[in-house]
Every structure is written in C-alpha cells, then in structure tokens.
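Trainee: need the 3D shape of this:
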Amino acid sequence: MIDDLKILKFGSLNIEFGENPSISMLKINKALGRFGDSSITYIKYKGNNYIIDTGFANEIDISDKNLTFNERSLKNIFNQYDLTFNDIDGIFITHWHTDHFGNLRLFPNAKIYSFLPDKEIYSEIFNNYDLSRDFSLNIDRIAEFYNFSHLLPVIFLNEKDEFAGCRIFPTLGHTLLHCSLLIEYLKVKIIVAGDAIVSQSYFDHDEIWQYNSGNLGKEACIKSMHKITSIADYIIPGHGHPFQNYKKRYININNKK
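Mentor: This is a model prediction of the structure:
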C-alpha cells in the first residue's frame, strides 16, 4: 500500500476530441496555455519519492528557451509541495514520447523505470522485434540527445513486477511498449493511464489519440482502453484532470445480464 498520492501537474492536450487540428487552432491553444505536456503523478512509498512521467511542454521545441521554461515551470510546481528535483528517487515512464520523458535531465538522483514485456506472454512481439537489444540501443541515443545519460541504465519491469507499490498494467496500443500503472489507494483502484486514455474528452467518446507515430492501430488502443475501464474506479489520463470511471458500473450491469 502506498503512503501518499498526488497529481503534481494536470497536463494539457493541444487537440481535444472533436477539435480541428489546424495550425491556427494549435497556435491559439498554445497562447491559451495548452502546451501538450503530460500529467505528473507523485507517489510516496516506504519513505521514498516517486513520479510517473515528467510533463514536458512543447515537445517538438528543444530550444534553450523552452528547456528553461520547462525547468522553471516544474520547479515552481515542486516547490508548492515542498519537493525538489533532488528528492525524487524513481521515475516511471509510461511510454517514450517526449512530452512524457523530456524533463528527465532535471533529476540528478532518480532511477528510471519503464516497461518491457515478458517474452512468454508477448512472444509474438518478440518474434517481430528484438526488443531487448533494439530498445536499449534507442534509449541510449535518446538519453544522449535529451541529456539524461547520468540516469542510465533504465530498469525494465514486466507485468510480474511492481513500481513503488503499484501494479504494472500493460496497455499496448498507443505505442508498442505503452504501460499504465494500477494503484490501490483509499480503498479504490486508480489507474495512471498514460496515453492509453489521453484525456476525458476522448474517454467520453470511446476514442483514441491517433496523431502519434508508432501507434499500433485503433483496435489495439481500444482494447487497452476497455481493459482500464473494466477495472479502474478513477483514471488519471496522460493529459488533463483525473476523473471517476463512470463507465465501470455499466460494464458490471451488462455482465450480470
């Protein structure tokens, strides 16, 4: 059982469900403070401090100006909770998109955790991809580019493991290695969904985010979304406020018929 749970940052989404993804609209959304940054969830477990994802804003902008903006913004948020970057012992990355991992460079003491499937359970994936080799090599390149090589190596977890008292909850679809976390806290089940559920607007319409490269397709994404919906009492999406899973009761009613 975890000791404490907080959402340090409600991420934003630059294209909510039903919006027209035009360049002019994206500029307006950015001017209104929608930077496409991921949510950041904080967990205290056995006296240690952990976060899930790092909330990097304006993910395609790696200029010094934007890096400074991210650092200052995140520092202000951490200060509100009497935390510093030095206090974080571990970081779980739900998937390797920049809006989720881009601020790793700020944490000098943290160990990085991520998901790598169990070969026995996901044999089909391993037959098509040499994950243990290719993915580790990609991480080395990413770490060098985004300046977090000091935190390597990444500690890979599978569905038999835990992270900070949370259950590893694979949700492949948004990416090949996407993984959510299941938390039991205050007698309810909370799932930190990453981009398996990007925001409540997509959840409400049972739709997926389809603008990213590496997406496995709608069928795989919907399967993972429904996996979350069948279990979670509350959902912390990859972007935006957490919300109660109002669909769960309908699933239970239908299953009883």
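Trainee: what mean pLDDT would you report for whichever helix in the chain runs longest?
Mentor: If you go by DSSP state H, the chain has its longest helix at helix 64-80. The average pLDDT for helix 64-80 rounds to 98.
Trainee: identify the residues contacting it?
Mentor: 8-9, 40, 54-58, 84-85, 102-103, 106 (Cβ atoms under 8 Å, 6 or more residues apart in numbering). In this view, the C-beta of every residue, glycine as well, is placed from N, C-alpha and C.
Trainee: tell me the first helix or strand C-terminal of that helix.
Mentor: Using DSSP states H and E, the next helix or strand after helix 64-80 towards the C-terminus is strand 90-92.
Trainee: that following strand - contacts with which helices or strands?
Mentor: strand 48-52, strand 111-115 (3 or more Cβ pairs under 8 Å, 6 or more residues apart in numbering; DSSP states H and E).
Trainee: could you list the paired strands of it along with their orientation?
Mentor: Partners of strand 90-92 in the sheet, by DSSP bridges, are strand 48-52 (parallel), strand 111-115 (parallel).
Trainee: pick the most deeply packed of the helices and strands packed on strand 90-92.
Mentor: Greatest average neighbour count among the helices and strands packed on strand 90-92 goes to strand 48-52 (a mean of 22), per mean count of other Cβ atoms under 10 Å.
Trainee: average model confidence for it?
Mentor: Here the average pLDDT along strand 48-52 is 98.
Trainee: C-alpha coordinates for that strand, CSV please?
Mentor: In CSV, the C-alpha atoms belonging to strand 48-52 read as follows (Å, rounded to 0.1, in the frame of the first residue of the first chain):
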residue,chain,number,x,y,z
ASN,A,48,10.8,7.3,-0.9
ASN,A,49,9.5,9.8,-3.5
TYR,A,50,8.5,8.7,-7.0
ILE,A,51,6.8,10.3,-10.0
ILE,A,52,5.2,8.9,-13.1
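Trainee: which residues outside it are in contact with it?
Mentor: Against strand 48-52 from outside (Cβ under 8 Å, 6+ apart): 8, 40-44, 83, 87-92, 94, 163-164, 181, 192.
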